[in-house]
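Trainee: Quick one, what's the 3D model for this:
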Amino acid sequence: MFLSEKMEKKNIEEEIKEENPIEELEQKEKTEKAEELQEGEKEEVLKPEEFIEEKTDETIIEEPAKEKKEVKKPFPWVIPILAIILLIAAGFVIDKFFLEDEVKKGSFDDFDNPVKSVVEIKSFYSSECSFCEENSVIANFNARDINITVESIDLAEEENKHFIQEFGLKSIPTALVNAKDLEEYPSEENLINDIFEKIGDYYVIPETYLDNKPHNIMWLEKQECGFETGEGKIFVEEFSDFHCEGCARILETTKNARETFAGEMIYRHKNYFVNEEAENAVIAAECAREQRRFFEFKRYLMEKSFPEVFDLNKMPLDNSSPEVIGRGLLLLNIPDSNKFNQCRQEKEPLDRIMEETELAESYGVNYAPSLVIDCQYIIQGHDAINQIEEIVCEIHPGLEGCQAD
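Mentor: Sure, this is the predicted structure:
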């Protein structure tokens with residue numbers, strides 16, 4: 001039974017094969033192709049000797065090729081680019097050379113900021129006035145960032161006195177400013193041209209407080225005093241205002257100076273009436289002068305307005321008020337109160353005050369307080385006046401008050 005089944009199965013398979021001849025052909029083709037591929041792979045596998053020989057040949061062929069790569073010729077566009085770079089570098093060096101030369105000449109600071117010309121200034125001073133500072137035009141120009149060169153000239157030296165006549169100099173400090181150098185500063189040139197005289201190539205600029213600070217001045221020739229100061233004497237005129245704190249600050253200093261040079265100093269207080277609100281106080285002090293109470297009344301009025309200057313723990317008051325003036329009349333024991341009150345109603349004291357103010361201006365006084373010594377030296381501002389004894393001894397070293405230790 002088993003054998004018959006087997007035979008039957010075999011017969012069935014043969015019948016299937018006979019029924020599908022196409023599949024049989026395809027299968028055969030696949031088998032043949034597989035055999036061909038296997039034979040091709042075998043041919044590509046080299047023997048060890050053949051592998052060595054082929055590699056050696058390959059190495060010999062590639063070495064010359066590497067050497068050729070190292071000796072490549074430059075691309076044709078590299079040369080013109082290098083030439084352009086060299087030209088730009090050369091141009092930069094040449095420009096830098098010429099610009100540096102121009103900077104030395106004062107034409108350029110850098111590409112964006114041209115340097116203007118340096119302004120020449122001749123600054124006149126006198127070794128006879130060590131307390132006189134340089135002209136304020138120098139500080140003014142420095143504040144404006146104007147390039148200047150300053151030549152200091154001592155007019156006390158005989159060789160320099162020709163400048164006095166040549167430029168009509170009257171006082172020191174005075175400055176000469178080169179007019180041509182100012183052409184590059186039109187704003188400053190116009191201002192100076194409107195105010196100051198031009199002589200030759202220079203503007204003549206006496207001290208005119210261009211830095212808004214007080215300055216000491218010496219007239220080259222003594223001004224008209226209208227009186228004789230006396231041999232061996234020093235004459236001092238004080239110009240101050242009663243609503244001026246600086247004027248209060250010199251009271252002790254000037255009082256001490258009068259004591260130091262007692263018998264050698266003629267000291268006069270005069271009014272520099274610059275504050276109309278102080279009118280009543282000024283007139284009251286002048287009326288007290290008529291009764292020989294001027295300095296006492298002046299101190300009293302200053303203490304009322306500026307108590308802190310005198311280390312007084314009091315509230316400041318208006319020293320022009322009728323209450324303050326009336327109280328001073330009683331406290332200072334003015335001999336004749338009726339005469340004092342009548343004087344305050346008269347016109348004469350105010351006329352005298354205005355005359356003294358005009359005198360101050362004729363001297364060249366510009367600040368309160370100021371001292372005019374011997375009608376020639378003007379000391380301005382309380383800081384300078386607080387050095388009065390040293391200044392007096394520089395002007396008159398032979399005074400007895402200068403010999404004290």
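Trainee: Sketch out the low-pLDDT regions of the stretch 1-150 of the chain for me.
Mentor: 1-83, 86-87, 89-115 (pLDDT under 70).
Trainee: Please name the bridge partners of residue 151.
Mentor: residue 122 (DSSP bridges).
Trainee: quick one: it and residue 125 touch, right?
Mentor: No: Residue 151 is beyond contact range of residue 125, at 11.2 Å (criterion: Cβ atoms under 8 Å). Yep, even glycine has a C-beta here, placed from its N, CA and C like the rest.
Trainee: out of those two, which sits in the busier spot?
Mentor: More crowded of residue 151 and residue 125, by other Cβ atoms under 10 Å: residue 125, with 21 against 10.
Trainee: Quick one: residues contacting that one.
Mentor: Residues in contact with residue 125 (Cβ atoms under 8 Å, 6 or more residues apart in numbering) are 132, 134, 152-155, 172-173.
Trainee: The same query, at a cut-off of 7 Å, please.
Mentor: Contacts for residue 125 (Cβ atoms under 7 Å, 6 or more residues apart in numbering) come out as 132, 134, 152, 154, 172-173.
Trainee: Can you select the buried ones among these for me in PyMOL?
Mentor: Buried residues within these, by 16 or more other Cβ atoms under 10 Å, are selected in PyMOL with:
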select buried, resi 132+134+172+173
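Trainee: and which of the contacts of residue 125 is nearest residue 248?
Mentor: Residue 248 lies nearest to residue 132 out of the contacts of residue 125, by Cβ to Cβ, at 25.5 Å.
Trainee: Can you tell me the SS state at that closest one?
Mentor: Put simply, residue 132 is coil when judged by DSSP: H, G, I helix; E, B strand; the rest coil.
Trainee: Residue 351 now?
Mentor: Quick answer, by three-state DSSP: residue 351 is helix.
Trainee: From residue 337, how far out is it?
Mentor: 23 Å (Cβ to Cβ, to the nearest Å).
Trainee: Same drill for the two, tell me which one is more crowded.
Mentor: residue 337 (13 against 10).
Trainee: Name the nearest residue to the more buried one, sequence neighbours excluded.
Mentor: Once flanking residues are discounted, residue 337 sits nearest to residue 329: 5.6 Å by Cβ to Cβ, 6 or more residues apart in numbering.
Trainee: So for whatever helix or strand that neighbour lives in, what gets flagged as buried?
Mentor: Residue 329 is part of helix 322-331 when elements are defined by DSSP states H and E. Of the residues in helix 322-331, 324-325, 328-329 count as buried by neighbour count, 16+ other Cβ under 10 Å.
Trainee: for the next helix or strand along the chain from it, packing partners?
Mentor: Once helix 322-331 ends, the next helix or strand along the chain (criterion: DSSP H and E) is helix 337-345. Judged by 3 or more Cβ pairs under 7 Å, 6 or more residues apart in numbering; DSSP states H and E, helix 337-345 is in contact with helix 279-289.
Trainee: Can you tell me what sits against the helix it packs on?
Mentor: Looking at what lies outside helix 279-289 - Cβ under 7 Å, 6+ apart - the contacts are 242, 271, 273, 294, 297-298, 301, 319-320, 325, 334, 340, 343-344, 349-350, 352-353.
Trainee: ok, now stretch 171-185?
Mentor: By Cβ under 7 Å, 6+ apart, stretch 171-185 touches 116-126, 129, 132-135, 137-138, 146, 155, 167, 188-189, 192, 198, 201-207, 217-220.
Trainee: and if you look at stretch 332-339?
Mentor: With Cβ under 7 Å, 6+ apart, stretch 332-339 has contacts from 288, 291, 293, 296-297, 300, 329, 340.
Trainee: Quick check: which element contains residue 266?
Mentor: With DSSP H and E as the criterion, residue 266 is inside strand 265-271.
Trainee: same question for that strand, mean pLDDT?
Mentor: Across strand 265-271, pLDDT averages out at 93.
Trainee: do the same with stretch 309-324
Mentor: 95.
Trainee: Can I take it that residue 300 is in a helix?
Mentor: Yes: counting by three-state DSSP, residue 300 is located in a helix.
Trainee: Local confidence estimate at it?
Mentor: For residue 300, pLDDT reads 97.
Trainee: wait, it sits on residue 328?
Mentor: Yes: look at residue 300 against residue 328 with Cβ atoms under 7 Å: they come within range, at 4.9 Å.
Trainee: May I see the buried residues of helix 322-331 arranged in JSON lines, with distance to residue 396 as well?
Mentor: Shown next, in JSON lines, are these (distance: Cβ to Cβ, whole Å):
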{"residue": "324", "distance to residue 396": "39"}
{"residue": "325", "distance to residue 396": "38"}
{"residue": "328", "distance to residue 396": "36"}
{"residue": "329", "distance to residue 396": "39"}
